[in-house]
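> no FASTA, just this:
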């Protein structure tokens with residue numbers, strides 16, 4: 001059996017692996033855990049009551065977290081002419097068309113969010129092998145295929161995230177950093193859960209929000225009481 005580190009032994013004293021925590025209590029606990037040398041991300045792993053094999057039971061959407069994710073968001077915009085200038089004025093780090101498409105084709109993905117105007121999607125769609133596995137392909141549903149590129153850039157930098165169910169019926173999202181105040185972290189998580197509840201497919205039966213764990217990059221998962229978030 002592997003020897004547990006001093007830090008993990010300290011964590012063992014703080015948390016009860018059999019307990020189901022209230023959200024506010026769990027957010028407070030994350031702040032009490034022994035620190036590491038970087039500002040850890042706080043992540044939500046949520047299991048939802050759908051059949052991921054059924055196309056009418058997909059859960060996907062976007063939500064603006066009131067306190068952002070704490071991550072540095074780098075936006076790349078594929079656009080031409082006036083739309084390229086709008087993107088630059090809005091603060092996009094990378095703006096271009098054929099030049100950037102060629103870079104991405106070569107495997108370049110040094111950005112967090114990719115925005116494109118509809119006329120550029122024909123060419124961008126050919127780069128699915130590069131963008132798809134990294135979750136970077138723009139979509140109209142996420143608001144990243146749009147003629148209003150300035151709005152998309154500002155929303156992305158302001159804490160807008162995309163959530164979607166994976167093949168196993170889980171939704172995983174970063175919702176902040178350990179350095180956040182617990183009250184702000186909890187508000188971000190509540191906002192995300194409300195948005196996921198609103199995205200519940202009409203064909204989904206039974207309990208929708210099944211189980212949720214809250215964890216840091218280097219910490220164990222805390223099971224969260226979801227009774228107050230049940231979808232109506």
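Okay, I see it. Here the structure is a predicted model, which is why all the values come from computation and not from measurement.
> quick one, helices of the chain?
6-14, 23-32, 81-90, 98-105, 121-124, 128-131, 149-157, 182-198 (DSSP state H).
> residue 137 is nearest to which of those?
With C-beta to C-beta, the closest approach to residue 137 among these belongs to helix 128-131: 4.3 Å. (Glycine included, C-beta is placed from N, CA and C.)
> pretty sure residue 165 is one of the things residue 210 touches, is it not?
No. Look at residue 210 against residue 165 with C-beta atoms under 8 Å: they stay out of range, at 11.6 Å.
> at the geometric centre of the chain, which residue do we find?
The residue lying closest to the centre of the chain (C-alpha atoms, centre = their mean) is residue 173, at 3.7 Å.
> tell me, what's touching residue 210 and residue 165 both at once?
In terms of C-beta atoms under 8 Å, 6 or more residues apart in numbering, residue 210 and residue 165 are both contacted by the residues residue 48.
> more neighbours: which of the two?
Between residue 210 and residue 165, counted using other C-beta atoms under 10 Å, the more crowded position is residue 165 (21 against 14).
> quick one: contacts of stretch 198-206?
Contact with stretch 198-206 is made by 48-50, 54, 56-61, 163, 208, 231, as judged by C-beta under 8 Å, 6+ apart.
> and the pLDDT for the residue lying closest to residue 117 once chain neighbours are set aside?
Spatially, and ignoring its direct neighbours in sequence, residue 117 is nearest to residue 79 (4.6 Å; C-beta to C-beta, 6 or more residues apart in numbering). Listed pLDDT for residue 79 reads 96.
> give me the distance between residue 130 and residue 63.
Residue 130 sits 26 Å away from residue 63, going by C-beta to C-beta, to the nearest Å.
> these two: which has the busier surroundings?
Higher neighbour count among residue 130 and residue 63: residue 63, with 20 against 16, using other C-beta under 10 Å.
> who does that one form a beta bridge with?
On the basis of DSSP bridges, residue 63 is bridged to residue 161.
> just confirm residue 45 contacts residue 213, I think it does.
Yes. Counting by C-beta under 8 Å, residue 45 does reach residue 213; the two are 4.7 Å apart.
> in this protein, where is pLDDT below threshold?
Scanning the chain for pLDDT under 70 picks out 1-3, 231-232.
> try it again at 80.
Along the chain, segments meeting pLDDT under 80 span 1-4, 7, 230-232.
> can you tell me which residues contact the nearest residue to residue 124 once chain neighbours are set aside?
Nearest residue to residue 124, sequence neighbours excluded (C-beta to C-beta, 6+ apart): residue 116, at 5.3 Å. Shown in contact with residue 116 (C-beta under 8 Å, 6+ apart): 77-79, 124, 138, 144-145.
> now do 7 Å
By C-beta atoms under 7 Å, 6 or more residues apart in numbering, the residues touching residue 116 are 78-79, 124, 138, 144-145.
> and residue 130, by the same measure?
Contacts for residue 130 were tallied using C-beta under 7 Å, 6+ apart; they are 104-105, 107, 109.
> just give me the closest of those residues to residue 157.
Set against residue 157, the nearest of the contacts of residue 130 by C-beta to C-beta is residue 109 (18.0 Å).
> still on that earlier bit, which of the contacts of residue 130 sits closest to residue 222?
Of all the contacts of residue 130, residue 109 has the smallest distance to residue 222: 31.9 Å, by C-beta to C-beta.
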